[in-house]
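Peer 1: Requesting a structural model of the entry that follows:
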Amino acid sequence: MTNIATASFTVDGWDPQATEKAENTEFSRVLLTKTFTGGVEGTSAVEMLTAVSGTSRAYVAFERLAVSVDGRKGGFVLHHSAGEDGHRLIVLPGSGHGDLSGITGTATITQDDEGNHTFTLTYEL
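Peer 2: Residues are numbered from 1 along each chain as shown. I've put the predicted structure just below:
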């Protein structure tokens, strides 16, 4: 059965680790932390790699969540991939633990005009 959990989140930490620019493309590595409230409650730590050129940008990231989802406590890893053609977030197969062991699914992130983030997790367990 497919379930949907929605939460708001804040970015609590944004810590650039390294930046390198060569031949008109800048590579960056950033560590960030988030706090979730709502159908997903808890925190996460993200390792993100970005590439930005004069005409495009993209990033990949892995996010380790220590959360409860609809009251089930545990965690999982979310794989991010984004570029000019869109944004994909997928639960890394086999990464679920605790009450979230066996979780599969996808997620979306939206941001409103005031900068508030909404996280929607579509999952099976």
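
Peer 1: just the helices in this structure please.
Peer 2: Using DSSP state H, no helices are found in the chain.

Peer 1: Return the list of helices and strands in contact with the strand ranked longest in the chain.
Peer 2: Using DSSP state E, we find that the single longest strand of the chain is strand 3-22. In terms of contacts (3 or more C-beta pairs under 8 Å, 6 or more residues apart in numbering; DSSP states H and E), strand 3-22 is packed against strand 25-38, strand 40-53, strand 117-124. Bear in mind the C-beta positions are built from the backbone N, C-alpha and C, glycine included.

Peer 1: roughly how far is the second one from the heart of the chain?
Peer 2: Yep, that's strand 40-53 we're talking about. Chain-centre distance of strand 40-53: 5 Å, with C-alpha atoms, centre = their mean, to the nearest Å.

Peer 1: The last one now?
Peer 2: Distance, stretch centre to chain centre, for strand 117-124: 10 Å (C-alpha atoms, centre = their mean).

Peer 1: Can you name the residues in contact with stretch 69-78?
Peer 2: 3, 5, 39-40, 42, 44, 62-68, 89-92, 95-101, 103, 107, 121, 123, 125 (C-beta atoms under 8 Å, 6 or more residues apart in numbering).

Peer 1: Centre of the chain to that stretch, how far?
Peer 2: With C-alpha atoms, centre = their mean, you get 13 Å for stretch 69-78.

Peer 1: Can you show me the CA trace of that stretch as PDB?
Peer 2: In PDB, the C-alpha atoms belonging to stretch 69-78 read as follows (Å, rounded to 0.1, in the frame of the first residue of the first chain):
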ATOM      1  CA  VAL A  69       7.500   8.600   9.500                       C
ATOM      2  CA  ASP A  70       3.800   8.600  10.400                       C
ATOM      3  CA  GLY A  71       4.900   7.400  13.900                       C
ATOM      4  CA  ARG A  72       7.400   4.700  12.700                       C
ATOM      5  CA  LYS A  73      10.800   5.500  14.200                       C
ATOM      6  CA  GLY A  74      14.000   4.700  12.300                       C
ATOM      7  CA  GLY A  75      15.800   6.100   9.300                       C
ATOM      8  CA  PHE A  76      16.800   5.800   5.700                       C
ATOM      9  CA  VAL A  77      19.000   7.400   3.000                       C
ATOM     10  CA  LEU A  78      17.600   9.600   0.300                       C
END
